[in-house]
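1. A structural model of the following input is requested.
(chains A and B)
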Amino acid sequence: MKELRLMKGNEAFAEAVIRSGADGYFGYPITPQSEVMEYLMAEKPQERTGMVVLQAESEVAAINMVYGGAACGKRVLTSSSSPGISLKQEGISYIAGAELPCLILNVVRGGPGLGTIQPSQSDYFQSTKGGGHGDYKLLVLAPSSVQEMADFAKLGFDLAFKYRNPVLILSDGAIGQMMEKVELDEQRPRFTEDEIIKNTPWATTGKTKNRERNIITSLDLDSSKQELHNRVLQAKYREMEKHETRYEAISCDDAEYLIVAYGTSARLSQKAVDMLRAEGHKVGLLRPITLYPFPTEIIAKLADQVKGILTVEMSAGQMIEDVRLAVGCRVKVEHFGRMGGIIPSPTEVVEALKNQIIGG
Amino acid sequence: MTEEIIIAGFGGQGVLSMGKILAYSGVMGNKEVSWMPSYGPEMRGGTANVTVIISDERISSPIVNAFDTAIILNQQSMDKFEKNVKPGGILIYDPNGITKHPTRKDINIYSIEAADEAARVGLSKVFNMVVLGGFLKLKPIVQAEFIRKGLEKSLPKRHHGMIPENEKAIEKGKEIIKAVHLLN
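-> Here you go, the predicted model:
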């Protein structure tokens, strides 16, 4: 039986994390995601499931606690907002290099620097193109509702363990702070120690006589081995691209124009699509759910069908680069967005599509 | 049915919790709902607002710039949101502390002296429920039984003893809301 509640995105995520059988949360407060840890602290999951919730002394400490927990085969996570996620990048790169599973939530606020506490989507490049150093990829999920904030906790852990790779949930201040109805899954039990040894034979669970020592590291000073390791990582990313690309296509079947938007921008754009269709314009919305792997194929396919594409992002235009790569030069691709924590209205999106694409 | 509402006023007036009770009542009545608060620096500076959408259909955008109803509880919010009421829509305001009254002629305007009423019964905390009552008189989009369930869900258990006072305040709000300007 699923349970129906009215919750903030941050709270729904926190509750779903407990129910997904997480072993540990390590974080440091920052607006607009502080409700994640507040909720976890108030809910005392150590009494419900034995899950650890710990406020670290800093973001850097928190991500390294995640590194340690993940090395032991535990389901562990951290959450923060943009400036805090920047602080965690070194640890994220190490975790990706050491091929460890973990979950990271970024409830994005406007930047650069300390920026503002209002919602933004200006961390797309950081999330999908690196963030930390080295050739690595995070699997990036972009929720656009409170329900998806809950659903992606479990999905995120499952994908992280499937690929032994960090999964980033790229949310934003609006999704984190708003309340919507959410259906919660039943409690999934935490893995027992025996299950961890069985499911994650690579983890540092204590060496036994009949196996080699497990070493968790991102360091290999032998360049030929390091190159080999990089090849293994790249092969894994190709697998992720093949199997994990997710998107939602709304009113695309007969679309003559296309909006591409994720997260909060996708919600605004959906309303804009309704308004434009009411005026007789055949507009569709393609909502990437995974930002890496990016839904390149479907966008390339739709490029043959539509007369123009508008990307809507709460940034100066970052995802537009991936859309343009998918489209080539076949149709015009333009960006519309607001920056600095301002959320555009659906009416602004309607006007932008008319001015930049239909009439442009 | 889709009702897009903004509730705006000072922090501490119960703007966000009024929105929450309305949203929860919608959930209890099996409607789709969204509750999108201001959480930014303006809150710390004293003003707060929340957009509540209640609908029979899936809600596309939780963020809208035109409202069916604006519930306005201070002058700053009047300055900001009077212009965002859809033509033919409703503006409800408490004249207490309002120096520039609404002037639009293409919307229905109502006033509700909720602050005075709350002071009269000596319960400043029920102020927002008086206002909610006024709104529900004009837009009975959720039934009374769901409002009660909404109160139960959104108030912490230690305050459940106050639910009858809140319900009385809602009823009072229905009585005292007054039309200021009506479209024909």
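2. beyond the helix-or-strand element of chain B with minimal mean pLDDT, next helix or strand please.
-> Across the helices and strands of chain B, mean pLDDT, DSSP states H and E gives its lowest value to helix B:41-44, namely a mean of 60. Scanning forward in sequence from helix B:41-44 by DSSP states H and E, the next helix or strand is strand B:47-55.
3. ok, and what's touching that following strand?
-> The contact list for strand B:47-55 (Cβ atoms under 8 Å, 6 or more residues apart in numbering or on different chains) reads B:1-11, B:13, B:15-16, B:18-20, B:22-23, B:26, B:31-38, B:42, B:59, B:62-64, B:67, B:74, B:76-77, B:81, B:141-142. C-betas here are computed from N, CA, C, even on glycine.
4. if you set the cut-off to 6 Å instead, what comes out?
-> B:2-8, B:11, B:15-16, B:19, B:22-23, B:26, B:31-38, B:59, B:76, B:141 (Cβ atoms under 6 Å, 6 or more residues apart in numbering or on different chains).
5. kindly report the same for stretch A:87-99.
-> By Cβ under 6 Å, 6+ apart, the surrounding residues in contact with stretch A:87-99 are A:59-60, A:63-64, A:67, A:102, A:131-134, A:136, A:164, A:166, A:216, A:218.
6. what comes up buried for that stretch?
-> A:87, A:88, A:89, A:91, A:92, A:93, A:94, A:95, A:96, A:97, A:98, A:99 (16 or more other Cβ atoms under 10 Å in any protein chain shown).
7. secondary structure class for the residue of chain A most remote from its centre?
-> Relative to the centre of chain A, the most outlying C-alpha is that of residue A:209, 39.7 Å out, by Cα atoms, centre = their mean. On the three-state scheme (DSSP: H, G, I helix; E, B strand; the rest coil), residue A:209 is labelled coil.
8. where does residue B:36 land on pLDDT?
-> We have a pLDDT of 96 for residue B:36.
9. try the one 4 residues further on
-> Looking at residue B:40, its pLDDT stands at 66.
10. and the residue nearest to residue B:173 when sequence neighbours are not counted, helix, strand or coil?
-> Among residues not flanking residue B:173 along the chain, residue B:133 sits closest, at 2.3 Å (Cβ to Cβ, 6 or more residues apart in numbering or on different chains). Here residue B:133 is helix, with the state taken from three-state DSSP.
11. tell me, how many residues neighbour residue B:133?
-> By the other Cβ atoms under 10 Å in any protein chain shown criterion, the neighbourhood of residue B:133 contains 26 residues.
12. how about the contacts made by it?
-> B:170, B:173, B:174.
13. any weak-confidence spans in the chain?
-> Going with chain A. A:1, A:360 (pLDDT under 70).
14. switch to chain B, please.
-> For chain B, applying pLDDT under 70 flags the ranges B:40-45.
15. around chain A, which positions in it sit nearby?
-> Proximity of chain B to chain A, by Cβ under 6 Å from any Cβ of the partner chain, involves residues B:24, B:27, B:34-37, B:39-40, B:60-63, B:65.
16. quick revisit: adding secondary structure, write the buried residues of stretch A:87-99 out as CSV.
-> As requested, those are exported to CSV (three-state DSSP):
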residue, secondary structure
A:87, helix
A:88, coil
A:89, helix
A:91, helix
A:92, helix
A:93, helix
A:94, helix
A:95, helix
A:96, helix
A:97, helix
A:98, coil
A:99, coil
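17. adding distance to residue A:38, write those out as TSV.
-> As requested, those are arranged in TSV below (distance: Cβ to Cβ, whole Å):
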residue	distance to residue A:38
A:87	20
A:88	19
A:89	25
A:91	23
A:92	24
A:93	29
A:94	28
A:95	25
A:96	29
A:97	32
A:98	30
A:99	32
